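Enquirer: Give the three-dimensional model of this entry:
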Amino acid sequence: LELQFCRWNQDQQHAMVGTPSFGAIKLLQKRMGADRKTCKAALEQFDCDEDAAAAFIASTTDFVDTANKAMTAPVSANESEAHVKKGGSVGVQILRMEVGDGQTYPSYGDTLAIHYRGLLASDGSQFDSSYERGKEFSFRIGMGKVIKGWDIGVMKMSLGEKALLLISSDYAYGAHGNGPIPPNADLKFEVHLTKVTRQTSCTGPGQKDSLKTHEYDAIARQMLGMDHAHPMKWVKPDDRQLMPLTSEMPA
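Expert: Got it, this is the predicted structure:
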């Protein structure tokens, strides 16, 4: 029985350590455009190292690593890029005014800080400006927190870049409009991407779940009784105060 338990422990260790998570597979699928089976096999082969798995898929298949493509593509001022909708019409057009660092591109869930001016495409009248408020606008990209045109357009900008986003009404506020923006209005935004804060995962700020697998390995070993858990040090905050009793709380 003891021998069987030891073998079970070994099987569980191999099953847990180095097995890619569902999220890691989805991230690689989004990055490569490859099927789930291919991405899962590559992650397993390279111990959940996303970059190594992506490089392997790119070298052995026809799939392209979009992360490397975005970082290595030459970008110059006055260059334009368009997002074409179904049917052939343009939903978002990006006119680059000043280039950024060409390396730090936003990813899904990152928190961005931008300065911007919003203009009506029809007459150029300004309806909003972060410059006038004296404060950058902050939001998480790719999560529907802003209009669709921003989620698509700003994602293609690198840190420090200034661009003009030309956004069709259906990628902005549509038939309903919003405040000073009339219904079915095409918009222009002068955008300056000033800060990119990477999405925080359980492995730390800016890290994807697949980048620090050694931390998962350590946890797995502790759960399986193969390693000792590190003792925790409890420190009381200096400003600790006793909470009032329920009867002392204001009504």
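Enquirer: What helix or strand is residue 42 located in?
Expert: Take DSSP states H and E as the rule and residue 42 turns out to sit in helix 36-45.
Enquirer: Going by neighbour count, list what's buried in that helix.
Expert: Within helix 36-45, the residues scored as buried using 16 or more other CB atoms under 10 Å are 38, 39, 40, 41, 42, 43. (C-beta placed from N, C-alpha, C; glycine too.)
Enquirer: again, but for stretch 168-188
Expert: For stretch 168-188, burial by neighbour count (16+ other CB under 10 Å) applies to 168, 169, 171, 172, 173, 174, 181, 185, 187, 188.
Enquirer: Can you check what angle separates the helix or strand following the helix holding residue 42 from helix 36-45?
Expert: Proceeding C-terminally, helix 36-45 gives way to helix 50-60 as the next helix or strand, assigned by DSSP H and E. Direction vectors for helix 50-60 and helix 36-45, defined by axes from the mean of the first three to the mean of the last three CA atoms, to 10 degrees, enclose an angle of 120 degrees.
Enquirer: name the helices or strands packed onto helix 50-60?
Expert: Other helices and strands packing on helix 50-60, by 3 or more CB pairs under 8 Å, 6 or more residues apart in numbering; DSSP states H and E, are helix 22-32, helix 36-45, helix 66-72.
Enquirer: Report the mean per-residue pLDDT for that helix.
Expert: Mean pLDDT, computed over helix 50-60, is 81.
Enquirer: just the angle between it and helix 22-32, please?
Expert: Orientation of helix 50-60 against helix 22-32 (the same axes, to 10 degrees) gives an angle of 40 degrees.
Enquirer: Please put the alpha-carbon coordinates of helix 50-60 into CSV.
Expert: The C-alpha atoms that make up helix 50-60 are tabulated as CSV, following Å, rounded to 0.1, in the frame of the first residue of the first chain:
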residue,chain,number,x,y,z
GLU,A,50,5.2,30.5,-23.7
ASP,A,51,8.0,32.2,-25.7
ALA,A,52,9.8,28.9,-26.3
ALA,A,53,6.5,27.3,-27.3
ALA,A,54,5.6,30.1,-29.6
ALA,A,55,9.1,30.0,-31.3
PHE,A,56,8.7,26.2,-31.7
ILE,A,57,5.2,26.5,-33.3
ALA,A,58,6.4,29.3,-35.6
SER,A,59,9.4,27.2,-36.8
THR,A,60,7.5,24.0,-37.4
